[in-house]
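Enquirer: Pasting the sequence and the predicted coordinates here, then a few questions.
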Amino acid sequence: MLNHGYKSKQRSSAHNCRIQVLVMSFILMLMLVILFFIFDNVNDNDGDVKVKVKPSLAYESHKQIWNSFDSLVKFHPTREFRNGTDLIWQIPESPKGVLFLAHGCNGKAINFWDKSIECPNCIGLPEERLLVLHGLAQGFAVITISSANRCWSFGKELLVVKDILEWWIGKRKLEKLPLVALGASSGGYFVSLLASSKKFNSIVLMIAEGMFDEIDINEDYPPTLFVHMPKDLYRQQKIDEYVMVLKDKGIDAGVVECMEFPLSPDTLADRIPGIDQTLSRNLFEIFKEKGFIDEKGYMRKDGRKMKWQNILDERKNLLIDKHLIPHIQEELNLAFSYHEMTSVHSDQIFKWFESHIG
Ligand SMILES: *[C@@H]1O[C@H](CO)[C@@H](O)[C@H](O)[C@H]1NC(C)=O
């Protein structure tokens, strides 16, 4: 009995010990897993590493309201003509840098600026205007130039724009300031090429992989941030490839991914000057009714592929200023996130510029 008791006690204490070891190692593993996730997230937030913006996060930062800069900056642009094209620019008080913005196909300088006394035919597309406001608020002198044709061309036009930039920077005595550029789509290809003949401190290529097959990249090539929409798989792959190419040459390269986000009843009113809450909510309800958006508010297709404008003819009581159709179109495309200008990640864009100045 005793023996047995003794033996069984010994066995059970060995058993206890094994359980303790098991529990301890389980806790240890759990802690490791937690640590792994924490560090993974920290890495995710590092501007230099690939930043995966989760849909919910993207939506939060998307909640920038069209007039959120009202207390900081106002549009007072100057419009000029030079070398057969127009340039529109604004310089804030004591600027700390110069930012050149290049539009995509069908774009123009007037898309970046609100209609005003200084620019009566300016259009102020929601994403373009927010990029300019961010730039001005961050202390950048902002210059926009129109392409000669529908899209940018990659021959003489590079010289023309280089000339315009140098002339304007000289005239405004901004030579000492860092120069940065952001180009979207066709403008992204253009900026990627321009950067091999004109010195920029850093560049941002938006929804464009750049033309790195045609550029002889040397160590002077500027740090390059790709802001893109991974739904566009072809571009996503090219960008992965070019990030490697740039890094191999010792050039700093970063990636910001823009994900789709759900529309809310107020999205259009929040983003577009001239659309009030009632109209925004009505449109949202109609989009839902027509199946343009799913039950969670996500766009089912690219805005360009939907005949959403037909509802304007069907519902004559919807009082929409026809001038705002491109603005609505842009926000619908952005929510779908396949190929559109975006100001949603302006914080990361300007962080990139800031961290590569000087
Ligand atoms: C741009 O215009 C200036 C002034 O008219 C001229 O000197 C310059 O050659 C032009 N540049 C190009 C590339 O046409």
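Expert: Great, that's in hand.

Enquirer: which bits of the chain sit near the ligand?
Expert: Residues of the chain found near the ligand, taking C-beta under 6 Å from any ligand atom as the criterion, are 83, 159, 160, 163. C-beta coordinates here come from the backbone N, C-alpha and C atoms, glycine included.

Enquirer: Drop anything exposed from these.
Expert: If you count burial by 16 or more other C-beta atoms under 10 Å, the buried members of the residues of the chain next to the ligand come out as residue 160.

Enquirer: which pair in the residues of the chain next to the ligand spans the largest distance?
Expert: 83 and 159 (9.2 Å; C-beta to C-beta).

Enquirer: re the thing from before, switch the residues of the chain next to the ligand over to TSV; also include pLDDT and secondary structure.
Expert: What follows is the residues of the chain next to the ligand, written out as TSV (pLDDT from 0 to 100; DSSP: H, G, I helix; E, B strand; the rest coil):
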residue	pLDDT	secondary structure
83	96	coil
159	98	helix
160	98	helix
163	97	helix
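
Enquirer: which one of the residues of the chain next to the ligand sits closest to residue 96?
Expert: Once C-beta to C-beta is applied, the member of the residues of the chain next to the ligand that ends up nearest residue 96 is residue 163, at 24.4 Å.

Enquirer: In the stretch 251-358 of the chain, mark out all the strands, start to finish.
Expert: Assigned by DSSP state E, counting those that start in this stretch, the strands in the stretch 251-358 of the chain fall at 253-257.

Enquirer: Make sure residue 79 is actually in contact with residue 119.
Expert: Yes. With contact defined as C-beta atoms under 8 Å, residue 79 and residue 119 form a contacting pair (5.6 Å).

Enquirer: any shared contact partners between those two?
Expert: Counting by C-beta atoms under 8 Å, 6 or more residues apart in numbering, the residues touching both residue 79 and residue 119 are residue 88.

Enquirer: These two: which is more packed in?
Expert: Each of residue 79 and residue 119 had its neighbours counted (other C-beta atoms under 10 Å), and the higher figure belongs to residue 119 (21 against 17).

Enquirer: give the contact list for that one.
Expert: Residue 119 is in contact with 75, 77, 79, 88, 110, 113, counting by C-beta under 8 Å, 6+ apart.

Enquirer: what kind of secondary structure is it in?
Expert: In three-state terms, and counting by DSSP: H, G, I helix; E, B strand; the rest coil, residue 119 is coil.

Enquirer: what do you get for the one 10 residues further on?
Expert: Under three-state DSSP, residue 129 falls in the helix class.

Enquirer: which residues sit in contact with it?
Expert: Residues in contact with residue 129, defined by C-beta under 8 Å, 6+ apart, are 66, 75, 112, 113, 114, 273.

Enquirer: For the fourth one, the count of nearby residues, please.
Expert: Right, the one you point to is residue 113. As a burial measure, the neighbour count of residue 113 was computed by other C-beta under 10 Å and equals 27.

Enquirer: The closest residue to it other than its chain neighbours: neighbouring residues, count only.
Expert: Leaving out its chain neighbours, the residue that sits closest to residue 113 by C-beta to C-beta, 6 or more residues apart in numbering is residue 122, at 4.2 Å. Counted with other C-beta under 10 Å, residues neighbouring residue 122 total 21.

Enquirer: now residue 348
Expert: 18.

Enquirer: my guess is it meets residue 255, correct?
Expert: No. With the criterion set as C-beta under 8 Å, residue 348 and residue 255 do not qualify as a contacting pair; they are 10.1 Å apart.

Enquirer: low-scoring pLDDT stretches of the protein, where are they?
Expert: In the prediction, the chain carries residues with pLDDT under 70 at positions 1-63, 358.

Enquirer: quick one: contacts for residue 115?
Expert: By C-beta under 8 Å, 6+ apart, the residues touching residue 115 are 121, 122, 123, 124.

Enquirer: Could you identify the buried members of those?
Expert: For these, burial is judged from neighbour counts taken by 16+ other C-beta under 10 Å, and it is met by 122, 123, 124.

Enquirer: The ligand: which of the residues you listed is nearest?
Expert: Nearest to the ligand among the buried ones among the contacts of residue 115, counting by C-beta to the nearest ligand atom, is residue 122 at 23.8 Å.

Enquirer: where along the protein do the helices fall?
Expert: If DSSP state H is used as the criterion, the helices of the chain fall at 2-45, 55-62, 126-137, 156-171, 186-194, 233-248, 267-271, 277-289, 310-314, 325-336, 346-355.

Enquirer: before we move on, back to that, now, the contacts of residue 119 that are in strands?
Expert: Secondary structure defined by DSSP state E assigns 79, 88 of these to strands.

Enquirer: TSV please, covering the contacts of residue 119 and showing distance to residue 354.
Expert: TSV is the format used below for these (distance: C-beta to C-beta, whole Å):
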residue	distance to residue 354
75	23
77	23
79	28
88	24
110	28
113	24
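
Enquirer: How many residues are close by residue 98?
Expert: The local packing of residue 98 (other C-beta under 10 Å) involves 25 other residues.

Enquirer: which residues touch it?
Expert: Neighbour list for residue 98: 140, 141, 143, 169, 174, 177, 178, 179, 180 [criterion: C-beta under 8 Å, 6+ apart].
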